[in-house]
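Engineer: Using only what follows, build the 3D model:
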Amino acid sequence: PWGTAAAKTSVALPTNASTHRTYSGINVLILWGAAVERGFPTQRWVTYRQAVALGGSVRRGERGTTVVYANRFVPDDEKKRARETGENAQAMPFLKRFTVFNIEQCDGLPDEVAPLSPPPPASLIEPRVEALIKATGIDFRIGGDRAFYMPPYDYVQVPPPQAFFEPIDWHRTALHELG
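Structural biologist: All right, here's what the predicted structure looks like:
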């Protein structure tokens with residue numbers, strides 16, 4: 001029911017939301033591609049352990065994105081050999097892979113890590129539907145690229161109205177998730 005997410009994806013450099021470091025090299029392209037493909041509105045990422053350390057969690061069933069860390073190191077025996085022979089120690093290249101999750105795939109992160117999305121323009125939500133949503137008393141969130149009910153946390157989330165082709169499609173989806 002909603003359109004392409006490419007137009008809604010941030011073009012900022014991907015950043016680790018826990019360490020505040022900007023990703024570099026091929027990881028920039030990998031994470032930009034993942035954000036566009038999956039419609040993430042933010043370029044902030046965390047590992048599973050970082051999400052937990054921040055007091056949050058990765059939603060069940062979410063799939064992460066693999067990034068890599070490349071560097072060189074000198075093994076101890078190579079250092080010893082170089083000292084004994086007077087030669088330069090030979091560094092060994094290595095790659096280490098990590099799985100990261102966009103903060104939109106996480107729940108319970110502090111507001112400074114995952115600020116709530118700004119409310120959509122009033123003209124996109126029918127006032128009567130908005131009143132009905134509020135009258136249910138359900139924790140109703142707008143954001144991300146999927147519509148769902150999250151039983152463990154007892155909330156409903158739907159993508160923003162701007163992600164749908166027509167306002168009526170957003171209303172149908174919101175009411176369906178509330179049902």
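Engineer: which other helices and strands contact the lowest-mean-pLDDT helix or strand in the chain?
Structural biologist: Within the chain, no helix or strand scores below helix 127-136, which has a mean of 83 by mean pLDDT, DSSP states H and E. Of the remaining helices and strands, those touching helix 127-136 by 3 or more Cβ pairs under 8 Å, 6 or more residues apart in numbering; DSSP states H and E are helix 167-178. C-betas here are computed from N, CA, C, even on glycine.
Engineer: that older thread, which elements pack onto the very next helix or strand once past the least confident helix or strand of the chain?
Structural biologist: Of the helices and strands lying after helix 127-136 in sequence (DSSP states H and E), the nearest is strand 139-142. Applying 3+ Cβ pairs under 8 Å, 6+ apart, we find strand 139-142 packed against strand 155-158.
Engineer: Same question for the strand it packs on: list its buried residues.
Structural biologist: For strand 155-158, the neighbour count (16 or more other Cβ atoms under 10 Å) marks Val156, Gln157, Val158 as buried.
Engineer: just how off-centre is it within its chain?
Structural biologist: Counting by Cα atoms, centre = their mean, to the nearest Å, strand 155-158 is centred 16 Å from the centre of its parent chain.
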